[in-house]
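[1] What follows is a predicted structure for the sequence shown.
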Amino acid sequence: MSAKAVKTKTPQPERYDLIVTGGDVIDPSLGTLQKAAVLMADGKFVSVETDKKKITAALKKTDKENIIDATGKLVT
């Protein structure tokens with residue numbers, strides 16, 4: 001299964017609280033499984049991102065201790 005990243009209309013935050021990257025993200029409500037990064041800010045879900053340039057930009061806005069490498073893991 002494959003799908004495009006979930007798009008949000010809210011502006012992207014200046015900093016992210018948490019990024020889970022490199023994992024296989026499952027969204028049962030959409031029936032999708034995709035390699036993606038999950039972005040969180042202000043204690044809330046921001047988006048699921050598959051675009052490598054956008055993920056790289058988001059990682060630069062996140063403290064290293066708040067980045068989780070989920071390579072080889074399922075993320076729900």
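    Nice, thanks for sending it over.
[2] Show me where the protein dips below the pLDDT cut-off.
    Applying pLDDT under 70 to the chain flags residues 1-10.
[3] so what's the residue most central in space within the chain bridging to?
    With distances taken as C-alpha atoms, centre = their mean, the chain has Val38 as the residue nearest its mean C-alpha position (1.9 Å). With DSSP bridges as the criterion, the beta-bridge partners of Val38 are Val20, Val48.
[4] need the contact list for the residue nearest to Val75 when sequence neighbours are not counted.
    Distances taken as C-beta to C-beta, 6 or more residues apart in numbering put Gly23 closest to Val75, at 3.9 Å, once the chain neighbours are dropped. Heads up, the C-betas are built off the backbone N, CA and C, glycines and all. Contacts here follow C-beta atoms under 8 Å, 6 or more residues apart in numbering; on that basis Gly23 touches 35-36, 38, 70-75.
[5] Select from those residues the one having the most neighbours.
    For the contacts of Gly23, counting by other C-beta atoms under 10 Å, the largest number of neighbours falls to Ala36: 25 neighbours.
[6] Tell me the helix or strand right after the helix or strand hosting Val46.
    Assigned by DSSP states H and E, Val46 belongs to strand 44-49. Downstream of strand 44-49, the next assigned helix or strand under DSSP H and E is helix 52-60.
[7] what angle sits between that next one and strand 44-49?
    Our comparison of helix 52-60 with strand 44-49, counting by axes from the mean of the first three to the mean of the last three C-alpha atoms, to 10 degrees, yields an angle of 150 degrees.
[8] Can you name the element that comes right after helix 52-60?
    Moving toward the C-terminus from helix 52-60, the first helix or strand encountered (DSSP H and E) is strand 67-69.
[9] Give me the sheet partners of that following strand and which way each runs.
    Next to strand 67-69 in the sheet, as set by DSSP bridges, lie strand 18-27 (parallel).
[10] ok so, going back, my guess is the residue nearest to the centre of the chain contacts Val25, does it?
    Yes: assessed by C-beta atoms under 8 Å, Val38 is found in contact with Val25 at 6.2 Å.
[11] Mutual contacts of the two, please.
    Counting by C-beta under 8 Å, 6+ apart, the residues touching both Val38 and Val25 are 48, 75.
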